[in-house]
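J.: heads up, no residue letters with this:
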């Protein structure tokens, strides 16, 4: 019988950071806890990531990639323009189901809240997440709005609803944030079509 191979140290450290940082807090989690959880030495952290901030940035970047892939799939699966815009809610539900992250809400919002003056590497990933959100929502809003101003208003409302859905997971209320978010988004779409 062969013994299962342990994942490489870099992977173990990324996995440990992903499990711990957004549940316990980025700044509240000592580096030693991450190292112990991963079963690696401090030199592994510095060799692969340069610092704890570099590790946080890499974890966020991995999550951003995973989120983009899920959202892409949901947009492609939609059958019409409204469905493509509302696919963000399907993506939230799918991402939460597939990824099994222990934290109750969004790692990007948690990092932005905890690190308002984030180090450059983390700030860059947070900005990439914001850019993805705002640019894609605007792109998907255009076919549903009467003009560019209405499209921007709809995209802004969608971002606000999406953020509210994520915050609802943190609070644990309401019980079905994705369903409530979808209903609010459908009302926003309807208002832009008729308003």
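T.: That came in fine, so what should we check first? This one's a predicted model, so the numbers in the text were calculated from it and none came from an experiment. Residues are numbered from 1 along each chain as shown.
J.: low-confidence stretches in this protein?
T.: 1-3, 101-104, 194-195 (pLDDT under 70).
J.: pull out the buried positions in the longest helix seen in the chain.
T.: Looking across the chain with DSSP state H, the single longest helix is helix 52-77. For helix 52-77, burial by neighbour count (16 or more other Cβ atoms under 10 Å) applies to 52-64, 67, 70-71, 74-75. C-beta: built from backbone N, CA, C; applies to glycine.
J.: who does that helix touch, helix- and strand-wise?
T.: In terms of contacts (3 or more Cβ pairs under 8 Å, 6 or more residues apart in numbering; DSSP states H and E), helix 52-77 is packed against helix 9-24, helix 31-38, helix 42-49, helix 81-99, helix 107-114, helix 120-141.
J.: and the ones you listed: which comes nearest residue 166?
T.: helix 107-114 (5.9 Å; Cβ to Cβ).
J.: pull the residues that contact that closest one.
T.: Applying Cβ atoms under 8 Å, 6 or more residues apart in numbering, the contact partners of helix 107-114 are 21-22, 25-27, 56, 59-60, 63-64, 101, 103, 118, 122, 126, 129, 163, 166-167.
J.: from those residues, list the buried ones, please.
T.: 21-22, 26, 56, 59-60, 63-64, 101, 103, 118, 122, 126, 129, 166.
J.: could I get the contacting residues of residue 63?
T.: 18, 99, 107, 108.
J.: repeat for residue 184
T.: 161, 164.
J.: so which bits of whichever strand or helix holds it are buried?
T.: Following DSSP states H and E, one finds residue 184 within helix 177-194. Neighbour counts using 16+ other Cβ under 10 Å place 177, 178, 180, 181, 182, 184, 185, 188, 189, 192 of helix 177-194 among the buried residues.
J.: re earlier: which among the helices and strands packed on helix 52-77 is found nearest to residue 151?
T.: Short answer: helix 120-141, nearest of the helices and strands packed on helix 52-77 by Cβ to Cβ, at 4.5 Å.
J.: buried residues in the closest one?
T.: Buried residues in helix 120-141 (16+ other Cβ under 10 Å): 121-123, 125-126, 128-129, 133, 136-138, 140-141.
J.: equivalent analysis for stretch 93-101, please.
T.: Buried residues in stretch 93-101 (16+ other Cβ under 10 Å): 93, 94, 95, 96, 101.
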